[in-house]
Each structure stands twice: as structure tokens, then as C-alpha cells.
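Engineer: Model the following, please.
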Amino acid sequence: MSARTKQTRRKKKMKKAREESRIIGIAHRVKKTADNEARPTLVCILDRGKQKICQLETETDELDFLLGRFPVKFRDVEPSEDLSAFRPHQVKWKPVNLKAEGAEEKLAQTPDSQKRQAGKKWFMAAKAPVEFDGLKSGDTVSMCLGAGNYFVYALARHGQDIGARVFRVAPKRLKENRLDDNKDNDHVLLAELYAGQPLIFQPALPPDLSLIAISNKYATRMDAQKDRIAHEQRLWQRVRDGVFLNPEGEYPEGTIEDMIVDAKANSRALGLLQEIEDECNADLEKEVSRHPLYQRVFKGIIGFGIRIAAPVIAFVGRIDRFSKASSFKQFCAVAPNSAGEFQRQRRGEVMAGRPDIRQALWLFAEQANRRPDSEWGQVLLAEKARLRAKHPEAVIVERPDPKKPGKTKKVKLYTDGHIHNMARWHMLGKFCEQLFKDWNEFQEEQDRAEIGGENSSDSVSAAA
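Structural biologist: All right, here's what the predicted structure looks like:
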């Protein structure tokens with residue numbers, strides 16, 4: 001049998017498998033906006049040509065859908081029916097007007113499983129679920145890259161146990177296939193897109209799930225750090241105000257700095273926040289250190305530790321989202337602008353790229369500077385030597401004053417400090433180019449290994 005014949009048969013087998021299995025398009029959304037507008041997650045289930053639409057209004061609904069116990073049909077409750085077999089949130093309740101005639105007597109006669117109390121209000125069961133739906137064996141879930149990562153993780157992880165798979169498509173591809181800018185039908189579009197163009201989707205493989213975990217743990221760690229810093233600032237304000245806003249006019253002999261140190265040492269709240277931050281750091285470091293990407297690409301880079309690698313891995317995710325190294329450098333905020341100048345953070349200006357990655361790379365440049373014998377320390381020294389040879393003397397030039405529109409100011413260029421900063425950004429640009437190359441090689445190798453392993457077990461959908 002020729003290779004072309006095998007490929008044709010395989011495509012037919014894949015098409016038949018897609019037609020016989022359910023395709024679930026999920027448009028994940030924030031459940032409620034800042035204006036208190038309901039924005040439920042939308043689900044479209046394609047099953048042998050039939051379409052079913054579901055709305056997941058809460059995270060509990062998402063959990064029920066994940067576990068295949070999301071109620072989709074209801075019936076009226078029988079007067080003496082025992083509802084203890086159902087979870088309370090799966091039953092539809094109606095409030096009881098206790099001021100109505102006979103309401104208290106009716107409530108007393110109602111079985112315990114058909115009534116519930118919330119504060120001073122009482123509710124009685126109106127409808128009970130009669131049909132459930134959710135993720136099942138053989139299902140294929142299609143979602144958008146970057147949306148609802150925690151739900152993607154749970155769907156893919158639970159799918160490993162029950163035989164369901166999750167695929168994601170780039171937002172650009174999804175936008176290209178919309179008829180207009182309306183996103184309200186993305187769940188239907190996602191299901192239909194996978195049915196017609198499965199090759200534009202990427203499977204959510206175990207390494208991708210680890211990337212999701214790293215991203216979420218990094219965000220948790222940053223939140224914990226901000227909470228601790230905010231509490232330290234409140235302590236400083238309390239000590240300062242305690243000294244200066246003293247109605248008796250009695251002022252201490254010691255320094256305010258010493259008082260702040262004592263206040264921090266005796267603050268139980270600050271100690272607890274520090275413990276939480278330490279736990280978040282430990283969780284993040286554990287997740288990053290065991291990821292194959294860190295082991296293969298980052299671990300061997302001297303000066304590029306786990307805490308520096310974490311934001312890079314967290315915000316980049318999959319390197320194949322960038323078509324070329326220049327796009328990756330732009331995202332990392334280390335690419336020069338159209339005038340050939342490297343970006344600077346100025347008040348009132350928006351910087352292109354991710355500031356978290358830029359900060360991490362800046363810290364790496366500092367490590368390279370402190371380790372001149374390392375690979376990238378040598379690159380930094382070479383860049384400094386090249387730039388100094390190109391600009392042997394410092395010069396003074398006239399440049400527009402950003403603080404005074406229409407006026408100029410004298411700026412001294414190519415000093416030792418200026419050359420050093422320029423060399424750092426040039427070094428980081430070369431580093432990102434090399435990282436882009438190594439990361440892509442790793443990603444392609446991982447994808448071949450994962451998809452190859454699934455194909456060997458006769459997995460049809462994973463081959464797409």
C-alpha cells in the first residue's frame with residue numbers, strides 16, 4: 001500500500017471519527033462584569049448534526065459540566081418527593097412569602113429536602129433536574145487559546161481519565177472566521193470550525209497544562225507579593241503618623257526607621273502575609289523546576305534562575321504563537337523602535353510588550369554583568385567593546401525635551417553608563433533570538449513526541 005493511499009484512508013478515518021463523536025465548542029467568559037452584567041460561559045454541543053446550547057452561569061456550573069452532571073432539563077417537584085439525591089444547587093428554588101396566608105403552615109408541612117433557609121429567607125423547591133450533560137468519553141472540546149485557562153486545565157486533565165480531548169485555536173484564526181465583530185456566537189463557531197478545519201487547532205497536551213499551572217501560580221505569587229508590600233506601606237504610614245500626629249507633643253528619641261523595623265518584626269499580619277508569599281514562591285519554583293522546558297532550555301543558562309524564568313514561561317506559553325524572532329523580541333520589550341532606539345518607560349506612555357518579561361530580562365542582564373566569565377557575560381563584554389569602538393568619545397547633542405513640548409535640551413551620549421546600558425539591550429536582543437530558536441526546537445520536539453505517542457495508540461483526534 002502506497003503512502004498516499006495510507007494518508008487518504010487515515011483522513012477518511014479521522015473524518016468519520018469526528019462525525020461520530022461529539023464536538024463541544026466552549027466560549028469561556030467572565031461570569032459577571034464590573035457593571036454586574038451576566039456573562040455566562042457559552043457551550044455548543046454538536047452531536048451527529050444536532051446542536052445543543054448551554055450556559056454555565058457560575059464556576060459551580062463549570063465544575064458540574066466538567067464532571068458530566070450539569071442539569072439541562074427540569075421537571076416539576078412532586079409534593080412528597082425526596083430530593084436528597086440531588087445537590088441543592090442543581091434544584092431550582094422559589095422564595096416563600098412568609099406574610100402570605102397559610103405560608104408558614106405550608107412550609108412546616110413541606111419535607112426538609114424540599115426547603116432551605118438562607119438567612120431570614122426561606123425557599124421551596126420548584127423544579128428538579130431530569131437530564132444531565134457535560135464532558136463524556138469520546139468528546140472533543142474546542143476552545144480559544146488564552147481563554148479560561150483554569151477550565152482548559154481541568155477539562156484536559158479530566159479528559160485524560162475518561163477519554164476526552166481538548167483542542168485550542170489561536171485568537172487570530174477565530175477572528176478571521178467570524179462574520180462580524182460579534183463574539184456572542186463564538187461557541188458555535190468553535191464547534192463548527194473544529195468539525196471543518198481541525199488542523200488549525202492545537203491539542204492541550206500535558207506540557208501545555210503545566211504552562212497553565214505556571215501562569216496561574218505566577219499570578220498568585222505576584223498578588224501575594226503586592227499584599228505584603230501594601231501592608232508594609234500601611235505600617236510605615238501608621239508609625240509616621242503615630243510620631244507626627246501626637247496630640248501630647250511628645251516625640252521619641254529614636255529614629256523612625258528603627259521604629260518601622262520594630263513594627264514589622266512585631267506585626268503578626270505581616271508575618272502571615274510573608275508566610276503566604278513564601279508558600280506561593282515555593283509552589284511556583286516547584287512547578288517551574290519540573291517543567292521540561294525549564295530543564296531543557298533555561299536551566300543551563302548561567303544567571304537565568306527559576307524566578308527569572310517564571311514570568312517568561314508564564315506569559316509566553318507556547319513559543320509557536322510568534323512567527324519570527326523579531327515578534328518575540330517585541331513581545332519581550334527588548335526590540336528597538338523605528339528610530340533604532342530601545343524603549344524606555346516614561347510617564348504617560350504605553351510600552352509595547354510585557355513589562356514582567358522586560359523586568360525579568362533586565363535582572364538577567366544584571367546577572368550576566370556580575371558573571372563576566374559566563375556565556376552571556378562574554379556577549380555583554382563583546383557588545384560593550386564593539387559600541388565603545390564605534391563611539392570612542394562622549395558627545396553632547398540637542399534632543400527634544402519630553403517635558404517641554406517644542407523645546408530641546410542638551411544630552412550627553414556615549415558615556416560609560418550609556419554604553420553599558422546600550423550593550424545590555426543589544427545583548428538581550430541576541431539572547432531573545434537564541435532563546436526563540438532553542439524554544440522552537442524544544443516545542444517541535446515535544447509536539448512530535450506527544451502526538452506521535454497518541455498516534456501509536458490509535459488516537460484519531462490527537463493527530464489533528
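
Engineer: Strands along this structure, start to end?
Structural biologist: Assigned by DSSP state E, the chain shows strands spanning 23-27, 41-47, 50-56, 70-76, 92-95, 115-118, 121-133, 140-144, 165-169, 201-203, 395-400, 408-413.

Engineer: buried stuff in stretch 210-219?
Structural biologist: Going by neighbour count (16 or more other CB atoms under 10 Å), the buried part of stretch 210-219 is Ser210, Leu211, Ile212, Ala213, Ile214, Ser215, Asn216, Lys217, Tyr218. The way it works is simple: take the backbone N, C-alpha and C, and place the C-beta from them, glycine included.

Engineer: Next one: the closest residue in space to Gln295 that isn't next to it in sequence, what pLDDT does it get?
Structural biologist: Leaving aside its chain neighbours, Gln295 sits nearest to Ser289 (7.8 Å; criterion: CB to CB, 6 or more residues apart in numbering). With respect to pLDDT, Ser289 scores 93.

Engineer: and Ser289, how many neighbours does it have?
Structural biologist: 14 (other CB atoms under 10 Å).

Engineer: I'd assumed Arg307 was in contact with it.
Structural biologist: No. Using CB atoms under 8 Å as the test, Ser289 is too far from Arg307 to be in contact (10.8 Å).

Engineer: Do you have the helices of the stretch 251-400 of the chain handy? List them.
Structural biologist: 256-266, 268-289, 292-293, 306-316, 325-331, 355-370, 375-390 (DSSP state H, counting those that start in this stretch).

Engineer: Pick the most deeply packed of these.
Structural biologist: Comparing the helices of the stretch 251-400 of the chain by mean neighbour count (mean count of other CB atoms under 10 Å), helix 306-316 ranks first with a mean of 22.

Engineer: got a list of contacts for it?
Structural biologist: Contacting residues not belonging to helix 306-316 are listed as 211, 214-215, 218-219, 221, 281, 284-285, 288-289, 291, 293-294, 298, 328, 331-332, 354, 356-357, 359-361, 363-364, 367, 439 [CB atoms under 8 Å, 6 or more residues apart in numbering].

Engineer: mind listing what the closest residue to Gly148 other than its chain neighbours touches?
Structural biologist: Excluding its sequence neighbours, the residue lying closest to Gly148 (CB to CB, 6+ apart) is His28, at 2.8 Å. Remark: with contacts taken as CB under 8 Å, 6+ apart, His28 is in contact with Thr41, Met143, Cys144, Ala147, Gly148, Phe151, Val152.

Engineer: buried residues in stretch 28-45?
Structural biologist: His28, Arg29, Pro40, Thr41, Leu42, Val43, Cys44, Ile45.

Engineer: I'd like the helices of the stretch 251-400 of the chain as JSON lines, with distance to Lys412 appended.
Structural biologist: Shown next, in JSON lines, are these (distance: least, CB to CB, whole Å):
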{"stretch": "helix 256-266", "distance to Lys412": "35"}
{"stretch": "helix 268-289", "distance to Lys412": "41"}
{"stretch": "helix 292-293", "distance to Lys412": "43"}
{"stretch": "helix 306-316", "distance to Lys412": "32"}
{"stretch": "helix 325-331", "distance to Lys412": "28"}
{"stretch": "helix 355-370", "distance to Lys412": "22"}
{"stretch": "helix 375-390", "distance to Lys412": "15"}
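
Engineer: Tell me which of those sits nearest to Pro71.
Structural biologist: helix 268-289 (34.7 Å; CB to CB).

Engineer: Counting neighbours, what do you get for Ser21?
Structural biologist: Applying other CB under 10 Å, I find that Ser21 has 20 neighbouring residues.

Engineer: One more: Gly429?
Structural biologist: Neighbour number of Gly429 under other CB under 10 Å is 20.

Engineer: Likewise for Met222?
Structural biologist: When neighbours are counted by other CB under 10 Å, Met222 comes out with 17.

Engineer: cool, Asp82 as well?
Structural biologist: There are 11 residues near Asp82, going by other CB under 10 Å.

Engineer: coming back round to it: and the helices of the stretch 251-400 of the chain: which comes nearest Pro111?
Structural biologist: Closest among those, using CB to CB: helix 268-289, at 44.3 Å.

Engineer: Using PDB, write down the CA coordinates of the closest one.
Structural biologist: Output in PDB follows, covering the C-alpha atoms of helix 268-289 (Å, rounded to 0.1, in the frame of the first residue of the first chain):
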ATOM      1  CA  ARG A 268       1.500  39.200  63.100                       C
ATOM      2  CA  ALA A 269      -0.400  40.200  59.900                       C
ATOM      3  CA  LEU A 270       2.900  41.000  58.100                       C
ATOM      4  CA  GLY A 271       4.300  37.700  59.300                       C
ATOM      5  CA  LEU A 272       1.300  35.800  57.900                       C
ATOM      6  CA  LEU A 273       1.500  37.600  54.600                       C
ATOM      7  CA  GLN A 274       5.200  36.800  54.400                       C
ATOM      8  CA  GLU A 275       4.400  33.100  55.000                       C
ATOM      9  CA  ILE A 276       1.800  33.200  52.300                       C
ATOM     10  CA  GLU A 277       4.200  34.800  49.800                       C
ATOM     11  CA  ASP A 278       6.900  32.200  50.700                       C
ATOM     12  CA  GLU A 279       4.400  29.400  50.100                       C
ATOM     13  CA  CYS A 280       3.500  30.900  46.700                       C
ATOM     14  CA  ASN A 281       7.200  31.200  45.800                       C
ATOM     15  CA  ALA A 282       7.800  27.600  46.800                       C
ATOM     16  CA  ASP A 283       4.800  26.400  44.700                       C
ATOM     17  CA  LEU A 284       5.900  28.400  41.700                       C
ATOM     18  CA  GLU A 285       9.500  27.300  41.900                       C
ATOM     19  CA  LYS A 286       8.400  23.600  42.200                       C
ATOM     20  CA  GLU A 287       6.100  23.900  39.100                       C
ATOM     21  CA  VAL A 288       8.800  25.700  37.000                       C
ATOM     22  CA  SER A 289      11.700  23.500  38.000                       C
END
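
Engineer: Between helix 256-266 and that helix, find me the angle.
Structural biologist: Here helix 268-289 runs at an angle of 70 degrees relative to helix 256-266 (axes from the mean of the first three to the mean of the last three CA atoms, to 10 degrees).

Engineer: Lowest-confidence entry in the contacts of His28?
Structural biologist: Ala147 (86).

Engineer: List the contacts of that one.
Structural biologist: Here Ala147 is in contact with Ala27, His28 (CB under 8 Å, 6+ apart).

Engineer: Outline the domain layout of the protein.
Structural biologist: Taking automatic domain parsing as the criterion, the chain consists of the domains 15-76+117-204, 210-283, 291-435.

Engineer: thinking again about what came up before, select, out of the strands of the chain, the one closest to Leu235.
Structural biologist: Nearest of the strands of the chain to Leu235, taken as CB to CB: strand 115-118 at 38.8 Å.
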